[in-house]
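>>> give me a model of this one.
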Amino acid sequence: MVVKLEREETKTSNYKNMAVAPVKETPVFAEVDMGDDSSSPTVRATVVQASTIFYDTPATLDKADRLLAEAAGYGSQLVVFPEAFVGGYPRGSNFGVAIGNRTAKGKEEFRKYHAAAIDVPGPEVDRLASMAGKYKVFMVMGVIEKEGYTLYCTVLFFDSQGCYLGKHRKIMPTALERIIWGFGDGSTIPVFDTPIGKIGAAICWENKMPLLRTAMYAKGIEIYCAPTADSRDLWKASMTHIALEGGCFVLSANQFCRRKDYPPPPEYIFAGTEEELTPDSVVCAGGSVIISPSGTILSGPNYDGEALITADLDLGDIARAKFDFDVVGHYARPEVLSLIVRDHPANPVTFTSASAKNEDSHKS
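Modelled structure (predicted):
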């Protein structure tokens, strides 16, 4: 089921007031027959396809609240938001960087981007947790996290009781993302065992990393969330492959953005393409999709606008798929191929006095 979101333009060109088109009493879930005799549990999941309100984190959180309310109104138990929804994905920007040079304007752009990022934990995380609890949904939220003056592209996990569960930091930013985002380590590759299934996430192109996927499969992931910024049609092929490889549901959420969803020039410039763009030009076409463990597309992909993309997940499909192929089970050959994951925090500085205090506290 795909529910389009209608947006009213404000004086600042940001879309803040949204309403959902009426939904039919009997939603249609494309290409899947749920049946009436299944004894396995079913989870209703929604991926959100919507844009950030750039440089305005409080307004973006307000928008997230409205979107959660809409999804909960359709009975969703799990809601997945796009990559960098809170904090923003700086599409088109080069932050004034050339090899051997960084411009003053680019440094100021980074200052503003840093100001829009959030501390984890922090007040914005508390508010997101409260939203999840208010609407009784599990939530997976893409954010830009700041730790000191380094930024990370991060996914946060919340349960339906309003508790923050933990985070995943993107371990490999892509291309120019590496000039603005730090690198996650093996300590934040969680898979959470929840009442609706084992949930984890990988962000955008790190989904193409076979060893990262294998680590998540080894943790038993059942609902594989893939917040992304890739709207190409090819992305659907990657998501289908992961669903088949992992024997898991794949929920990929992307933003749908027009040029006017970003600040206007000269404050914000789409490098190399600005002169070709109009305010209504689509700069990210979405393509959010939900795929079953058998590779069946349950809902989406949507390229038409902001939308809530929803499907019912028959968790029995996981066992049916694993019967054919269990990549870290009966289809594994550990005597030939194996993986070691260094899952401890990789801290650049360790203070021996702190370690001594911890040892003393354990002895007492």
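>>> give me the number of residues near residue 48?
The burial count assigned to residue 48 is 31, neighbours taken as other CB atoms under 10 Å. In short, each C-beta sits where N, CA and C put it, glycine included.
>>> only alpha carbons, please: show stretch 144-162 as CSV.
C-alpha atoms of stretch 144-162 as CSV (Å, rounded to 0.1, in the frame of the first residue of the first chain):
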residue,chain,number,x,y,z
ILE,A,144,23.2,13.2,11.6
GLU,A,145,24.9,12.7,15.0
LYS,A,146,27.6,14.9,16.4
GLU,A,147,30.2,13.9,18.9
GLY,A,148,32.2,16.9,19.6
TYR,A,149,33.0,18.4,16.2
THR,A,150,32.8,15.2,14.2
LEU,A,151,29.6,14.2,12.5
TYR,A,152,28.3,10.7,11.9
CYS,A,153,25.6,9.4,9.6
THR,A,154,23.7,7.3,12.1
VAL,A,155,20.5,5.3,12.5
LEU,A,156,18.7,5.3,15.9
PHE,A,157,16.4,2.5,17.1
PHE,A,158,13.4,2.9,19.4
ASP,A,159,10.8,0.5,20.8
SER,A,160,7.1,0.9,21.1
GLN,A,161,7.4,1.7,24.9
GLY,A,162,9.3,4.9,24.1
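>>> can you give me the buried ones in that stretch?
By 16 or more other CB atoms under 10 Å, the buried positions in stretch 144-162 come out as 144-146, 151-160, 162.
>>> just the closest of those to residue 47, please.
Each of the buried residues of stretch 144-162 was scored against residue 47 by CB to CB, and residue 155 proved nearest at 13.1 Å.
>>> pLDDT score for that closest one?
pLDDT, residue 155: 98.
>>> farthest-separated two in the buried residues of stretch 144-162?
Among those, the pair separated by the greatest distance (CB to CB) is 151 and 160, at 29.0 Å.
>>> return the distance of the most centrally placed residue in the chain relative to residue 246.
Nearest to the mean C-alpha position of the chain, by CA atoms, centre = their mean, lies residue 227 at 2.9 Å. From residue 227 over to residue 246 the distance is 17 Å, taken as CB to CB, to the nearest Å.
>>> go on, residue 300?
19 Å.
>>> please, where are all the helices along the stretch 101-250 of the chain?
Using DSSP state H, counting those that start in this stretch, the helices found in the stretch 101-250 of the chain span residues 104-116, 123-135, 210-218, 234-246.
>>> which of these sits closest to residue 62?
The closest of those to residue 62 is helix 123-135. By CB to CB, the value is 9.8 Å.
>>> for that closest one, packing partners?
Helix 123-135 sits against helix 57-73, strand 138-147, strand 150-158, strand 164-169, with contacts defined as 3 or more CB pairs under 8 Å, 6 or more residues apart in numbering; DSSP states H and E.
>>> name whatever forms a beta bridge with the residue lying closest to residue 248 once chain neighbours are set aside.
Using CB to CB, 6 or more residues apart in numbering and skipping residues adjacent in sequence, the residue nearest residue 248 is residue 224, 4.6 Å away. Legend: beta-bridge partners of residue 224 under DSSP bridges are residue 200, residue 250.
>>> count the neighbours of residue 224 for me.
28.
>>> likewise residue 281?
13.
>>> contacting residues for it?
Residues in contact with residue 281 (CB atoms under 8 Å, 6 or more residues apart in numbering) are 258, 259.
>>> repeat that for the one 4 residues further on.
By CB under 8 Å, 6+ apart, the residues touching residue 285 are 231, 256, 303.
>>> show me which of those is closest to residue 352.
Set against residue 352, the nearest of the contacts of residue 285 by CB to CB is residue 231 (48.5 Å).
>>> that closest one reaches residue 254, doesn't it?
Yes - Residue 231 lies in contact with residue 254 (CB atoms under 8 Å); the separation is 5.6 Å.
>>> neighbour-wise, which of the two wins?
Taking neighbours as other CB under 10 Å, residue 231 and residue 254 compare with residue 254 leading, 31 against 21.
>>> pull up the gap between that one and residue 176, please.
To residue 176, residue 254 is 18 Å away according to CB to CB.
>>> picking up where we left off before, out of the helices of the stretch 101-250 of the chain, nearest to residue 326?
Residue 326 sits nearest to helix 210-218 of all the helices of the stretch 101-250 of the chain, at 8.7 Å, using CB to CB.
>>> the closest residue in space to residue 168 that isn't next to it in sequence: what's it in contact with?
For residue 168, ignoring the flanking residues on the chain, the nearest one in space by CB to CB, 6+ apart is residue 155 at 4.7 Å. Applying CB under 8 Å, 6+ apart, we find residue 155 in contact with 83, 140, 141, 142, 143, 167, 168, 201, 203, 225, 227.
>>> thinking again about what came up before, what residues do residue 231 and residue 254 have in common as contacts?
Common neighbours of residue 231 and residue 254 (criterion: CB under 8 Å, 6+ apart): 284, 286, 287.
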